Structure formats: C-alpha cells, structure tokens
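> with the sequence up front, the predicted model follows.
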Amino acid sequence: MKSIRSYYRAFVWLIVISAGATFVACNSSKNGQGENQQSKMLIGAGSTFINPIMSHWIADFHNSHPDVQINYQSIGSGGGIQQLKQGLVDFGASDAALDDQQLQSMPPLVQIPESAGPVCITYNLPDLKEPLKLSSATLAAIYLGEIKTWQDPRIKKDNAGVTLPKDPVVVAHRSDGSGTTNIFTTYLSAVSPAWEKKVGKGIAVSWPVGLGGKGSEGVTGVVKQTPGAIGYVELSYATENKLPVAKIGNAAGEFVEPTAAGATAAIEAFQPELAKDVRTPVVNPPASAKDAYPISGLTFLLIPKQGKSPEREQAVKDFVQYIITDGQNVAEGLQYSKLPSGLADQDEKLLAELQTGGQQTSTSRSPAQ
C-alpha cells in the first residue's frame, strides 16, 4: 500500500513538473514573439520638409515588409537631431547636414542624402494677377526688415509693369529649429553679405523681423491668415494650401519658379563638389545653371552605425535601401527631386558602412559623412 501511494505521489509530481515546463515554454515563446515584434518597431524623427514623401515611403515599404512598423515624428530637423543624440530613435532626418564639430557630440553615424527639393517663397497678395518676382537682393532686404511695403522701389523693379498692393510687408519665419531654415538662411548668406554679417545661417537664427510659426504648418498658417505676408516653406505645403509661390532670380539672371526639376538642376551644378562631400550646400548655383532654382537643398537621413538590435539594424538598412532606389520613383510626383545617378551611387557606398548583426563599425568619419 505504501508503495502504491509512493508511485501515486511521484506520478502527480511528474504531471506538475510537466505542466510547469509547458507553461514556461509557452510563456517564453510569447515573450520571444514580443521581443521580435518590438525589434521590428522603428522610430524616426526630424525634418518637416521630408514628411510628405516620408509618409508615402513608410506606407509603401510596409506593403512589402508587413513585419516592419515605422513611426516617423515630424518635429523639425533640430528635434530629430536631439532625439538621435539621446538614443531615442532609430534614425533621424535633417535638412541640415552635421558638420565635423557637431559630429563629435553624436554617436558614430552615417549621413545619407535621400531627397531634395526647393524651398519656396509664398505670399498672401490676393490682388496680384501674376507670380511675384524677387531678386536675391530684394528677398534679403525683405528678411532684413529693410523693405517695409510692397510699394518699395526694389520690389517694383523686379516686377516692372505689375500693379503691386499698398499693404505693409509682414515677414513670416520658423520659430523652431528647422532644416528648412538652414537651407533658406544658407541661401541668404550666400547672396547677401549684409545678411551673412548680421544674421548668418543655421537651423535657428535671431531673426531681425517677423512673426514666427512652428513647423512648416505654422508658417503656412501665418501667411494664409495675414494679408501682405511672405514666408518660406516646402513646395508641397504651398501647393496643398493653394498658396502662390514667387519666381526667384538666380545667378544667371533668370527668374525661376520652384520645381523639382529646378532643384535637380541645382544639385547637378554642384556634382563635382558633392562627389567630395555630400554635405555641400546646393544653394545659389553658378550662372552656368540657367534652369536651376537657387533656394534648393538636400535632406539627409542620419543613421547610427550601431543600432539597438541586429533585427532593427537590418530593418533600417532595408528601409534606406528602398528609399534610395525604388523610393526615388515617386519623388517628382510628390514635388521632390529625384536624386541624380551620381549622388545615388554615393548613397549606396554610404549605406554599405552600416553593418548588421550588432557589430560596431569604425568610428572614423570620412569627409562625405
């Protein structure tokens, strides 16, 4: 009898142990699945300039990679750089490439130009019957606060024979750190010694005059709501809000409207310089580029060389590979410039610097980064 009870107790313990092992195995499987799902959740942040096409890229990439979820936060280039610096995101996007000094305070990263486009000058002059024309000198004088009315002789000279309103000029600009601001102020610094001396360039500057708006949406809102206002935004924002855009005088003396083709012409004019350093600004191209729009800029993906996990590293690399290849085919339809072949080839070489599998790559930074 004692032997039977002993066998019974042993049998019960065997069932308990087996059940426990099954529970642990199932639980481990669920946890493993959760970890795998978490590894395919990517977070990016930064440029508002790139947000319209980035949204399209994310949706299109997800169709072919349903296991990868990407959340992009359009918070401005400055915000994206800070989040990347703090290790909060898998990639950043900026319309202002980081210089050598800025790179010293960042994790080792690669900067890959992935799109380009024009920064357009939009305005609220409903009685104007044809596109406004602005030379570089006139535009700089407006943002320096030297031109206070639309009847100023300098504006009249650019728009000979056109009836201009008597409204005061109301300048609108970004209030947050912005790569779009960097492109615009880099242009103003290139064409106006007075601007370069008094204000300079960067993602945030001390504006001499004007009303600030947060994000491109904020600047668009200021312009739409304020008669006589003038502001700078990405072309897509002006188009979506049915705002007119000015023709800007380039170095060849041509007044050129902001288009994807005009931005591509600006990039091609700087191809020799870009071959040495992809961070080269493409504003104010030389007079030989007659069709180039002068306020154009590249936007960059900022990608840590070592990601948060091998799975996320591979997912980021796959996403960037899509962007610089098939993703370029939708650029012009969304009013962005398709990267010239020479620059696309450079992107492939930069992407090759990103390793997967948790291996940290060299921390040396070439001039092209």
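Here it is on my side, so go on.

> right, and Thr180 touches Gly215 too?
No: applying CB atoms under 8 Å, one finds Thr180 not in contact with Gly215, separated by 9.3 Å. C-betas here are computed from N, CA, C, even on glycine.

> ranges for the strands of the protein?
Listed in chain order, the strands of the chain (DSSP state E) span 41-46, 69-74, 91-94, 109-123, 133-134, 170-174, 211-213, 229-234, 247-249, 255-256, 296-304.

> could I get these as JSON lines with distance to Pro285, mean neighbour count and mean pLDDT?
Converted to JSON lines, those look like this (distance: least, CB to CB, whole Å; neighbours: other CB atoms under 10 Å; pLDDT from 0 to 100):
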{"stretch": "strand 41-46", "distance to Pro285": "25", "mean neighbour count": "22", "mean pLDDT": "96"}
{"stretch": "strand 69-74", "distance to Pro285": "28", "mean neighbour count": "18", "mean pLDDT": "96"}
{"stretch": "strand 91-94", "distance to Pro285": "21", "mean neighbour count": "28", "mean pLDDT": "96"}
{"stretch": "strand 109-123", "distance to Pro285": "12", "mean neighbour count": "26", "mean pLDDT": "95"}
{"stretch": "strand 133-134", "distance to Pro285": "17", "mean neighbour count": "21", "mean pLDDT": "98"}
{"stretch": "strand 170-174", "distance to Pro285": "24", "mean neighbour count": "25", "mean pLDDT": "97"}
{"stretch": "strand 211-213", "distance to Pro285": "28", "mean neighbour count": "17", "mean pLDDT": "96"}
{"stretch": "strand 229-234", "distance to Pro285": "18", "mean neighbour count": "28", "mean pLDDT": "96"}
{"stretch": "strand 247-249", "distance to Pro285": "12", "mean neighbour count": "23", "mean pLDDT": "98"}
{"stretch": "strand 255-256", "distance to Pro285": "10", "mean neighbour count": "20", "mean pLDDT": "98"}
{"stretch": "strand 296-304", "distance to Pro285": "8", "mean neighbour count": "27", "mean pLDDT": "95"}
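
> what's the closest of those to His62?
strand 69-74 (7.0 Å; CB to CB).

> that closest one pairs with which strands, and in what direction?
According to DSSP bridges, strand 69-74 has the following sheet partners: strand 41-46 (parallel).

> list the contacts of the strand it pairs with.
Strand 41-46 has contacts (CB atoms under 8 Å, 6 or more residues apart in numbering) with 54, 68-77, 79-81, 83-84, 88-94, 179, 302, 312, 315-316, 319.

> ok, now stretch 158-165?
In contact with stretch 158-165 (CB under 8 Å, 6+ apart) are residues 125, 127-130, 132-135, 138, 150-151, 155-156, 228, 249, 255.

> next, count neighbours for Thr181.
Thr181 has 27 neighbours, counted by other CB atoms under 10 Å.

> surely it and Val205 touch.
Yes: between Thr181 and Val205 there is a contact at 6.9 Å, judged by CB under 8 Å.

> quick one on the thing from earlier: need the residues touching each of Thr180 and Gly215.
Contacts common to Thr180 and Gly215, judged by CB under 8 Å, 6+ apart, are Thr48, Arg174.

> ends of stretch 125-133, what's the gap?
13 Å (CA to CA, to the nearest Å).

> can you give me the buried ones in that stretch?
Leu125, Leu128, Leu132, Lys133 (16 or more other CB atoms under 10 Å).

> what sits against Val205?
By CB under 8 Å, 6+ apart, the contact set of Val205 is Thr181, Thr185, Val199.

> ok, so of these, who is nearest Glu240?
Of all the contacts of Val205, Thr181 has the smallest distance to Glu240: 19.9 Å, by CB to CB.

> show me what the closest residue to the closest one other than its chain neighbours is bridged to.
Nearest residue to Thr181, sequence neighbours excluded (CB to CB, 6 or more residues apart in numbering): Arg174, at 4.8 Å. Beta-bridge pairing for Arg174 (DSSP bridges): Gly213.

> isn't Arg174 right up against Ile183?
No: in this structure, Arg174 is not within contact of Ile183 by CB under 8 Å, at 11.0 Å.

> quick one: low-confidence residue ranges for the stretch 251-369 of the chain.
355-369 (pLDDT under 70).

> and if we set it to 90?
306-308, 332-335, 338-342, 354-369 (pLDDT under 90).

> which stretches of it form helices?
260-269, 271-276, 310-324, 341-351 (DSSP state H, counting those that start in this stretch).

> with mean neighbour count added, can I get the ones you listed in TSV?
What follows is the helices of the stretch 251-369 of the chain, written out as TSV (neighbours: other CB atoms under 10 Å):
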stretch	mean neighbour count
helix 260-269	23
helix 271-276	14
helix 310-324	20
helix 341-351	16
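
> using a markdown table, lay out the ones you listed together with distance to Pro165.
Formatted as a markdown table, these follow (distance: least, CB to CB, whole Å):
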| stretch | distance to Pro165 |
| --- | --- |
| helix 260-269 | 27 |
| helix 271-276 | 41 |
| helix 310-324 | 43 |
| helix 341-351 | 41 |
